[in-house]
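Peer 1: Next comes the sequence, and after it the predicted model I'd like to discuss.
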Amino acid sequence: MRTGKAWRIALVGNPNSGKTTLFNAITGAHHKVGNYAGVTVDIRQGRTEINGQPVVIYDLPGIYSLTAYSQDEIIARDFIIDERPDAIINVVDATNIERNLYLCLQLQELGIPLVVALNVCDQAENMGIVIDTGLLSQLLKVPVQPTAANRKRGVKELLAHLPAVVGQWGQVRAPVYYGGEIEAEITRIARLLSEKTDLAGRIPLRWLAVKLLEKDSDAAAKLRRYPGAGGIFPEVGRHIRHIEAHFGNYAEIIISEQRYAAVHGIVREAVRQPAGTGRPTLTQRIDSVLLHRFWGLPIFLVALWAVFQITFGLGRYPVAWLDRLFAGLGNWLVASMSPGIWQSLLVDGVIGGVGSVLSFVPLIVLLFLLISLLEDSGYMSRAAFIMDRFLHAFGLHGQSFLPMIIGFGCSVPAVMATRTLRSRKDRILSKLSLTFISCGAKLPVYTLLAAAFFPDRAGNVVMSVYLIGVAMALLSSIVLKKFVFKGLSTPFVMELPPYRRPTAKGIAWHVWDKTCHYFRKAATVILAASILVWLLTTFPVSEPTAEQIAGLHRQFAAEHPEATEADWQSCLAGYRQEQALANSAAGRLGQALAPVFAPLGFNWKIGVAAITGVSAKEVIVSTLGVLYRAGDNGDTEGGLVAVLRSDPEFTPVTAYGLMLYTLLSFPCLATLSAIRAEIGGGWLLFSMGYNLGLAWLVCWLSYQLGSAWF
Ligand code: GDP
Ligand code: MG
C-alpha cells in the first residue's frame, strides 16, 4: 500500500454505466483533461479524500471488454497496465448486469485491486431486478457496493471499501475456468513466459497467456519487444491450432464463450430478473412506438423539428434584447470617448465582433438544453438505432452515427468518439463525414443569417441546413466507401439503454459546461480574431483625395438637388469609411480573393469572413460584425442583422450560400488538430481538400439555382 502519496483510482465500466456521474459525485466535478502515452486522450482527472488520504480519480473511456478491438479499449487497457492505478472502481450497470460483468471478469483476470460499484440500483429496483449483493460479492470475491450515482447514494460507502484493496496487485481472486483443455495450454504458455521474460512482476502471466491464445495483436506486439520472447510465438501458434482443431471453432470465440458462460452462471446465482412472461416494461412499450419500422424515422424528424422551433421561437426574444444591449453599449462608448483609434478598437473591434457573437448565447443555451434532454432520456441512442436501420440499406452501419450525434455539440469530442469504431478505415471514414455535421459553433452563423434574411422561417431554414449536413455526411460515406475504402464492414450490435428520467442537475451541468465553453471561446479565440480583423480593416489608413471628394460632391448634388449640408456630410462620412475599408489590408486581401468567391455570389467582405472562420466558426459572425461596423451602428434598430440586410449585395440566396459554406468547408483549427492527431497529416490534407472542394461546389450550385429561381 502506498503511503504519503495520493492513491490513484480509475473508474472503469461500460459506456453509459454512470462512470462520469459517479466521477462527478465523488470529485464534485472538478475535472481536468490529462495526456497519456503520447496520445491526447480525454481521461478526466479529479481529486478527493478518504479519511485524510488524498485520492486522484480517473474517468476512463467506456468499454465493453479488454480485447484490443477499439482504440478506447486499448487506451483503457494501456492505462491500467502502464499507469498501474492503485485500485479500480468497476462501475456496473445493475439494469444490464450480465453484459457489464463480462468486463468485470476480464478486469479480474488482470489481477487489479477492484471494487464493484453496482450502479443504477434505483432503476434496477423499479424494474423488479433483485440482486443478492452479498452473494455476488462472494462469487466475484471483491467488494460490491450498490450505488445510485445520480442521487449520490452509496458513494461514501463505496469509497470506504477502497482502503482494504488498494495496492493488492497481482491477486487473481476469481479466475474464469476455461475448461481442462484450454487451461492446460494456458499453464504451458504462462510457464514459457515466466522462463523467457521478466514480466512476472508486472502483469499476471495467466492473463497474457489468455490474450495470446485470443490472438490479441496488441498484446503480441508488446510482447515482441522483449528480447527472448520471440521463441514463444511458434509455441502459441501450435497451441491455438490445437484448440481450434479440438473445438472446431476459433480460439478467441471459444474463450469468450467460456467467459460469457461464467458470467451467466454468476448472474443465475445472484440475480433474480423479473419474469419475462409478465407485462412488457415501460421501456419496451415506449420503444414499440418510437422505434416503429415506419414511424421511427418520421418521429425522429418531428422531434428534431420541434427542437429547432422551440429554440428559435423562444430564443429570438433574448437574442434581440442582447443585441440592443450591445448596440447601447456601443453608442455609450461613442458618446463618452473621444473619437480615434482606441474608440474604434473598442466599438468596431471588440463590441462589433465579440458582442455580435455573445448575443447568441440564449440560443446556444436553449439548443443544448433540449439536446441534453433527448440525450439523457435515452432517446438519442434510439435515434442512432433508427439511423442504423436506415443506414444498413446503404451498406453502412449506425455506429458511425453515434459520433455524429456528439458532433452536433462539438466536433472535437466527436472525432475522439470515433475511436470506438473497430477498423481504422471505418474510423477515417467516419471522421471525414463528421466534418459535415453542424456543431454548436456553426449555429450562431446560421442564426444570424436566418434572422437577417429569413426572419419568419428561421427554424425551418436552419433545420434544412442541419439536414443537408447529415445528408452530405451519409452521401460522402457511401461514395467514399464505394471508391476509397472498398469492401469493409465490421459487425456491430447496437445496444439500447433503458429510458431514464433526466435529472435537473444533470441537465444543468451539461448546459453550464457548454455555456462556459462558449464564453471562454468568446474571451479568447473570438476576441483575438476580432481584434486581428479590426487591425486588418483599419490599417493601412487611407484618405480619399480632394479630387475624389469633389467628384463625389458633384454627383451627390446632381442626384439629390434638395439635400442639406448635413446629408452631404453623412454621405461623405460613409464614402470615407468605404474607401478606408477597401484600401485596408483586409480589403485588398478580399479583393485579391474575389475571383474565387465571386462565382458563389460572395462579395469581398463575405469572402474575408469565410476565411477567418477557420479559427472558429463563430468568427464568421464576429468578422461580419467588424467588417460591417456593427458596433457603431447603434442608431439602427437591430444591430448587425439590420446592417447586413441593408447591403444590396447580400441577398437571401447569398445568405443561404454562406450557411452552406459554413456547414461544409473544413472545420475549425481545434478539430483539424484533433483529426491530425488521430489519423495523421496525410489524411488531414485529403480531408481539408475534400471539404473545401465540396463546399465550393455545393455553394456554386446553390447560387446558380437560387439566382435562377428567385
Ligand atoms: P458513462 O458513459 O459511464 O460516463 O455514464 P454517464 O455518467 O454519462 O451516465 C449515463 C446516464 O445514466 C446519465 O443520464 C446519468 O444521469 C444516468 N445515471 C448515472 N447513474 C445513475 C444511477 O445510479 N441511476 C439512474 N437512474 N441513472 C443514472
Ligand atoms: Mg462518461
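Peer 2: Everything's here; your move. Ligands and ions are numbered 1, 2, ... in the order given.

Peer 1: C-alpha only now, for contacts and for neighbours.
Peer 2: Noted.

Peer 1: Close to ligand 1: what parts of the stretch 101-250 of the chain are there?
Peer 2: Residues of the stretch 101-250 of the chain lying near ligand 1 by Cα under 6 Å from any ligand atom: 119-123, 147-150.

Peer 1: What about those, which are in strands?
Peer 2: Counting by DSSP state E, the part of those found in strands is Asn119.

Peer 1: Compare the residues of the stretch 101-250 of the chain next to ligand 1 and tell me which is most surrounded.
Peer 2: When neighbours are taken as other Cα atoms under 10 Å, the top entry among those is Asn119 (28 neighbours).

Peer 1: Per-residue pLDDT of the closest residue to it other than its chain neighbours, please?
Peer 2: Leaving aside its sequence neighbours, Asn119 sits nearest to Thr147 (Cα to Cα, 6 or more residues apart in numbering; 4.7 Å). Looking at Thr147, its pLDDT stands at 96.

Peer 1: Arg153 is in contact with Thr147, correct?
Peer 2: Yes. Assessed by Cα atoms under 8 Å, Thr147 is found in contact with Arg153 at 5.4 Å.

Peer 1: State the distance from the closest residue to ligand 1 within the stretch 201-350 of the chain to Trp295.
Peer 2: Ligand 1 sits closest to Thr283 of the stretch 201-350 of the chain, with a gap of 13.2 Å, by Cα to the nearest ligand atom. Relative to Trp295, Thr283 is positioned 17 Å away (Cα to Cα, to the nearest Å).

Peer 1: How about Leu369?
Peer 2: Distance, Leu369 to Trp295, using Cα to Cα: 25 Å.

Peer 1: neighbour count winner among the two?
Peer 2: Leu369 (21 against 13).

Peer 1: Flag every residue of the stretch 301-450 of the chain that's near ligand 1.
Peer 2: The interface of the stretch 301-450 of the chain toward ligand 1, taken as Cα under 6 Å from any ligand atom, is made up of Asp376.

Peer 1: all helices of the stretch 301-450 of the chain, in order?
Peer 2: Counting by DSSP state H, counting those that start in this stretch, the stretch 301-450 of the chain has these helices, from start to end: 341-344, 356-358, 361-377, 379-392, 401-407, 411-417, 424-434, 443-453.

Peer 1: Same question for the stretch 551-700 of the chain.
Peer 2: Along the stretch 551-700 of the chain, the stretches classed as helices by DSSP H, counting those that start in this stretch are 565-583, 585-597, 604-612, 618-627, 639-645, 652-664, 669-679, 681-709.

Peer 1: most neighbours per residue, which of these?
Peer 2: Ranked by mean neighbour count, the helices of the stretch 551-700 of the chain are led by helix 618-627 with a mean of 30 (mean count of other Cα atoms under 10 Å).

Peer 1: Show me what that one is packed against.
Peer 2: helix 356-358, helix 443-453, helix 527-538, helix 604-612 (3 or more Cα pairs under 8 Å, 6 or more residues apart in numbering; DSSP states H and E).

Peer 1: can I get those in JSON lines with mean pLDDT?
Peer 2: Output for these, formatted as JSON lines (pLDDT from 0 to 100):
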{"stretch": "helix 356-358", "mean pLDDT": "82"}
{"stretch": "helix 443-453", "mean pLDDT": "88"}
{"stretch": "helix 527-538", "mean pLDDT": "86"}
{"stretch": "helix 604-612", "mean pLDDT": "89"}
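
Peer 1: So which of those has the densest surroundings on average?
Peer 2: Greatest burial across the helices and strands packed on helix 618-627, using mean count of other Cα under 10 Å, falls to helix 356-358, with a mean of 26.

Peer 1: Would you convert the helices of the stretch 551-700 of the chain into a markdown table that also reports distance to Val130?
Peer 2: Output for the helices of the stretch 551-700 of the chain, formatted as a markdown table (distance: least, Cα to Cα, whole Å):
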| stretch | distance to Val130 |
| --- | --- |
| helix 565-583 | 73 |
| helix 585-597 | 65 |
| helix 604-612 | 58 |
| helix 618-627 | 51 |
| helix 639-645 | 59 |
| helix 652-664 | 49 |
| helix 669-679 | 43 |
| helix 681-709 | 51 |
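
Peer 1: How about the residues of the stretch 501-650 of the chain by ligand 1?
Peer 2: Gly506.

Peer 1: if we go to 8 Å?
Peer 2: When proximity is defined as Cα under 8 Å from any ligand atom, the stretch 501-650 of the chain approaches ligand 1 at 501-503, 506.
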